[in-house]
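Participant: this is the structure alone, sequence omitted:
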């Protein structure tokens, strides 16, 4: 069978044999060299590309730091405002800065943004590493606001809601240490070089200015004034007032013991005040839920001390004791919802005098304490706050309201 | 329409140039085999059980989850010029930059540790958006001095300044003055964003064996220098050189506060820096780590540079924070156990005034 011959294709320009075939008998050396060079280049380029992989210049993908200096881009254009009668006064629109007083944004000062709030779940986003200190003292919420002034100065406002007065007191005492303490009504604060730290009711606040200058300090003063005006909304508990305002004890000597006072399980929420700088003598005040609860507490304390204390002066509402071994003087009294007393006093006569003074204070109405009238210990609400771990583990008394305590 | 003439009524109509090319048996078998192979391979890949070789079946979708391949940090340490040089140097007297220079010269000179053409990363502490006067963040003046030394004295190719604060990074770098200082010195600030992190594998680490790490500024980096301050810390008592590396972690890192000593000792093996510089000219003595009161900041007269961060932290805890050495943070002993350095600085430290 004869081999069939394919007809020639009609395209005579290139390969008209219809199959791949090199038509040239020789290839110039230059062409070979150029081809090899191209091949080598492709191999090198491919190899380099593979070796680079994800090894890019990080500068290419980083945020441009110049963005910090540029004006923000407008992403949203507000729709046209509703027509307003030009003869009517224009109401100013202001950001709501609650819980901070509105008067803080006067005098050229304006909030840099809305009030930011942080709770237990995200407090670390604001004060990472420090958050646990606030949580330890019953932290509930942080409100944060930056106030700015046209000259560029600013004041950062931190308002920590610690849920209870005692928590705020303990936290503030821990942060204040031995620094001087000032009062402005019920507002307690310590000035810093660029602001102040302090407490008001169950709030602890920090004011941190952008620098130590007159503008910042003037604004700090105004903020303190504004905050002190809010004191009526969160007054201090009566026992605290009895010790500080009534007896005039310096705050460094005031303690609060939430549980296990006198190492007795039933004795909770007791306030103590050291009467002298030296020695262990101290007075105490407890505000019970009711007059009956106070009487019960009075009797329980009396019964619990029978082992070591000898009754010297019996009485229905006030009793005096002497320690069987140490010879120191003790007193216990009840007036309406308040249980008060004195412990470990070395001088019997002076002890009697101090207890009489204490009784006089708790039975007057100047401090809002009215024996016999149903009390409203809502400023010391139950349940008890989470007590700080350190003070609870080592000692039976968790006196985290100790003003004079220094950190280790 | 005209048709081509045909030979008969049964013949198909064909183009006159049509050439019949019947398929021979071999070609037929070859094509059948190819088609069978193609269909069989496709069927196997798609239908074979997942544990069979080359199977592409993915009923649960788990096989399609991208595999995260952690990276590892290289060891950035550089040996001392000679064994006679101290491991920790303390510079005293003069401006912070002068004290830093004294400390570095005592260690053998910055030029020994950073070579021309190196890309250097400096890690400051920019954790909070606080003014530098509050002592919660790295002092800008010292940062500027170090960046300038690296670029001018050592002829580094690039100096990167990076940190990952939890608060807004632009605000932190701006308010602390670190951005201005870094750029004034000639360095470049790297801000974190969500794409700048990669999972880092740290063999031997208990809590962060595989953990997101601020990776982007570390690309092609030759040397790493930590530049931080000495401050009180609410949880671990003291935040110094080793604790500074915490700022490179990503993820939900606040959970580590439950076991802060373990995490800091992990940081000591995570990062093997070329040098660690401690600023002892402004010390936050209490209410750390955030501070808030300039009166909590005590002035000091020392800048430390070290190749052993454990010894450096021990000395700073005792002499700058003025704490009892018996109350050393637990993480220092743990870092020593993990081989990051030695706590006993005696005989390995030199002070220069």
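Facilitator: Arrived safely, thanks for sending. This structure is a prediction, so every number in the text was calculated from the model and none was measured. Numbers count the residues shown, from 1 in each chain, chains lettered A, B, ... in the order given.

Participant: tell me how far the residue nearest to residue A:139 when sequence neighbours are not counted lies from residue B:328.
Facilitator: Leaving aside its chain neighbours, residue A:139 sits nearest to residue A:162 (6.0 Å; criterion: CB to CB, 6 or more residues apart in numbering or on different chains). (Each C-beta comes from the backbone N, C-alpha and C, glycine too.) Computed as CB to CB, to the nearest Å, the residue A:162 to residue B:328 distance reads 32 Å.

Participant: now swap in residue B:20 and tell me
Facilitator: As judged by CB to CB, residue B:20 and residue B:328 stand 98 Å apart.

Participant: next one: residue B:55
Facilitator: Distance, residue B:55 to residue B:328, by CB to CB: 57 Å.

Participant: I'd like to know how many residues surround residue A:260.
Facilitator: Counted with other CB atoms under 10 Å in any protein chain shown, residues neighbouring residue A:260 total 18.

Participant: can you report phi and psi for it?
Facilitator: phi 60, psi 40 (degrees, to the nearest 10).

Participant: before we move on, what about residue A:254?
Facilitator: Here is the backbone geometry of residue A:254 (degrees, to the nearest 10): phi -100, psi 130.

Participant: in this structure it contacts residue A:275, no?
Facilitator: No - look at residue A:254 against residue A:275 with CB atoms under 8 Å: they stay out of range, at 11.4 Å.

Participant: circling back to that earlier point, dump the residue contacts of the residue nearest to residue A:139.
Facilitator: Contacts for residue A:162 (CB atoms under 8 Å, 6 or more residues apart in numbering or on different chains) come out as A:134, A:137, A:138, A:139, A:140, A:168, A:171, A:202, A:203, A:204.

Participant: mind listing which of the residues you listed are in helices?
Facilitator: A:134, A:168, A:171 (DSSP state H).

Participant: output those in JSON lines, with distance to chain B appended to each entry.
Facilitator: As requested, the ones in helices among the contacts of residue A:162 are arranged in JSON lines below (distance: CB to the nearest CB, whole Å):
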{"residue": "A:134", "distance to chain B": "10"}
{"residue": "A:168", "distance to chain B": "16"}
{"residue": "A:171", "distance to chain B": "11"}
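
Participant: most neighbours among these, please name it.
Facilitator: Sorting those by how many neighbours each has (other CB under 10 Å) puts residue A:168 first, at 27 neighbours.

Participant: where along the stretch 251-400 of chain A do the helices fall?
Facilitator: Along the stretch 251-400 of chain A, counting by DSSP state H, counting those that start in this stretch, helices occupy A:291-304, A:348-362, A:389-394.

Participant: where does the chain have low pLDDT?
Facilitator: Using chain A here. A:1-23, A:61, A:63, A:65, A:67-69, A:88-94, A:231-234, A:365-408 (pLDDT under 70).

Participant: hm, I was asking about chain B
Facilitator: Scanning chain B for pLDDT under 70 picks out B:1-14, B:16, B:18.

Participant: hmm, back to that, tell me which of the contacts of residue A:162 fall in strands.
Facilitator: Applying DSSP state E to the contacts of residue A:162, the entries found in strands are A:203, A:204.

Participant: okay, now residue B:143: neighbour count?
Facilitator: Close neighbours of residue B:143, defined as other CB under 10 Å, add up to 31.

Participant: residues contacting the residue lying closest to it once chain neighbours are set aside?
Facilitator: Take residue B:143 and drop its neighbours on the chain: the residue closest to it by CB to CB, 6+ apart is residue B:181, 4.7 Å away. Applying CB under 8 Å, 6+ apart to residue B:181 gives the contacts B:140, B:141, B:143, B:144, B:147.

Participant: now swap in residue B:332 and tell me
Facilitator: Residues in contact with residue B:332 (CB under 8 Å, 6+ apart) are B:242, B:310, B:313, B:314, B:317, B:343.

Participant: got the contact list for residue 333?
Facilitator: This is for chain A. By CB under 8 Å, 6+ apart, the contact set of residue A:333 is A:298, A:317, A:318, A:319, A:339, A:340, A:341, A:355, A:358, A:359.

Participant: hm, I was asking about chain B
Facilitator: Residue B:333 touches residue B:343, counting by CB under 8 Å, 6+ apart.

Participant: hmm, who's touching whichever strand or helix holds residue A:220?
Facilitator: For residue A:220, the host element (DSSP states H and E) is helix A:214-228. With contacts defined as CB under 8 Å, 6+ apart, helix A:214-228 is touched by A:100-101, A:103-104, A:107, A:109, A:147, A:149, A:151, A:153, A:155, A:157, A:184-187, A:189, A:191, A:194-196, A:198, A:200, A:205, A:207, A:209-210.

Participant: state the next helix or strand along the chain beyond that helix.
Facilitator: Downstream of helix A:214-228, the next assigned helix or strand under DSSP H and E is helix A:238-241.

Participant: packing partners for that next one?
Facilitator: Contacts defined by 3 or more CB pairs under 8 Å, 6 or more residues apart in numbering or on different chains; DSSP states H and E place helix A:238-241 against strand A:282-287.

Participant: what's the local residue count around residue 321?
Facilitator: Using chain A here. Residue A:321: 23 surrounding residues under other CB under 10 Å.

Participant: look at chain B instead
Facilitator: Residue B:321: 24 neighbours (other CB under 10 Å).

Participant: not counting sequence-adjacent ones, nearest residue to residue 109?
Facilitator: Using chain A here. Closest residue to residue A:109 apart from its sequence neighbours, by CB to CB, 6+ apart: residue A:147 at 4.8 Å.

Participant: actually it's chain B I care about, not the one you picked
Facilitator: In space, and not counting its chain neighbours, residue B:109 is closest to residue B:81: 7.7 Å by CB to CB, 6+ apart.

Participant: isn't the one you found up against residue B:112?
Facilitator: Yes - counting by CB under 8 Å, residue B:81 does reach residue B:112; the two are 5.2 Å apart.

Participant: tell me which of these two has more neighbours.
Facilitator: More crowded of residue B:81 and residue B:112, by other CB under 10 Å: residue B:112, with 16 against 12.

Participant: downstream neighbour of the host helix or strand of residue B:200 in the secondary structure list?
Facilitator: Here residue B:200, judged by DSSP H and E, is contained in strand B:197-201. Going down the chain from strand B:197-201, the next helix or strand is strand B:210-214, by DSSP H and E.

Participant: which helices and strands sit right next to that next one?
Facilitator: Against strand B:210-214 (3+ CB pairs under 8 Å, 6+ apart) you get strand B:197-201.

Participant: buried residues in the strand it packs on, which are they?
Facilitator: Neighbour-count burial for strand B:197-201, counted by 16 or more other CB atoms under 10 Å in any protein chain shown, picks out B:197, B:198, B:199, B:200, B:201.

Participant: skip the chain neighbours and tell me the closest residue to the last one.
Facilitator: Leaving out its chain neighbours, the residue that sits closest to residue B:201 by CB to CB, 6+ apart is residue B:70, at 3.7 Å.

Participant: how many residues are close by that neighbour?
Facilitator: Neighbours of residue B:70 under the rule other CB under 10 Å: 14.

Participant: next one: residue B:326
Facilitator: Quick note: residue B:326 (other CB under 10 Å) scores 6 neighbours.

Participant: now it: how far from residue B:317?
Facilitator: According to CB to CB, residue B:326 stands 11 Å off from residue B:317.
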